[in-house]
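Q: predicted model, plus sequence, below.
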Amino acid sequence: CSSDLFKCVTNLTYVDVSPMGNENIRMLAAYNPNIKTLHIHRYWVSDATLKVLISCCPELEVLKIMHMPNTLEMVCSLSNLRRLYITGHNTCGDLVLSRLVESNPNLEELHMRDGRSPNVTTSGIANMITKSQAIRKIVFLHYASLIEDEDETNLQEMFPRVDIIFELL
């Protein structure tokens, strides 16, 4: 993909690409600061690229990426997320999820998939849901169960408005 292409394709608000390298993703973000929906399939986004995406495209509402780094803390600096889909090894904990909903009050869906245990407790998820009136769906698909996993049914009973899915892969 030529870098000249990104100089011609500007003002995009919806991007769905597969696959696209980190350098091209950074250029796409730099030339398209109004992106609201970004889906990047079959490519691992680096920490450096995610930082560029967040700083260049602060109005992101829907973000779907494969993320290899160890934390999602930088996503907390966004404020307009409505749906977040992260595939990769995530080691975030309860505090990060709490900050995520505090900084993104309109977050409706959170999908985390394919990591080891995300170090999230069911009480942390309950706290996250309590802090957000917008959240409607939480999906954790992981290779290891969540901490306090036995409380899953209680969460669904406590928050019937939220579709809560925990699955082991």
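A: The structure has been received and is ready for your questions.
Q: identify the bridge partners of Val45.
A: Taking DSSP bridges as the rule, Val45 bridges to His67.
Q: going forward, begin numbering at 5 instead of 1
A: With 5 as the first residue, the last one maps to Val49.
Q: burial of it, as a residue count?
A: Residues lying near Val49 (other C-beta atoms under 10 Å) number 25. In short, each C-beta sits where N, CA and C put it, glycine included.
Q: okay, buried residues for the host helix or strand of Glu106 please.
A: Using DSSP states H and E, Glu106 sits within helix 98-107. Applying a neighbour-count criterion of 16 or more other C-beta atoms under 10 Å, the buried positions in helix 98-107 are Asp98, Val100, Leu101, Ser102, Arg103, Leu104, Val105.
Q: tell me the mean pLDDT over that helix?
A: For helix 98-107, mean pLDDT is 91.
Q: quick one: secondary structure of Asp114?
A: For residue 114 the amino acid is Leu, not Asp. At Leu114, secondary structure determined by DSSP: H, G, I helix; E, B strand; the rest coil is strand.
Q: same check, this time on Pro62
A: Judged by three-state DSSP, the three-state class of Pro62 is coil.
Q: I'd say it and Ser83 touch.
A: Yes: counting by C-beta atoms under 8 Å, Pro62 touches Ser83, with 7.4 Å between them.
Q: returning to what we had before: turn the buried residues of helix 98-107 into a markdown table, columns for distance to Arg140.
A: Formatted as a markdown table, those follow (distance: C-beta to C-beta, whole Å):
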| residue | distance to Arg140 |
| --- | --- |
| Asp98 | 20 |
| Val100 | 20 |
| Leu101 | 15 |
| Ser102 | 18 |
| Arg103 | 19 |
| Leu104 | 15 |
| Val105 | 12 |
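Q: good, we can wrap up now.
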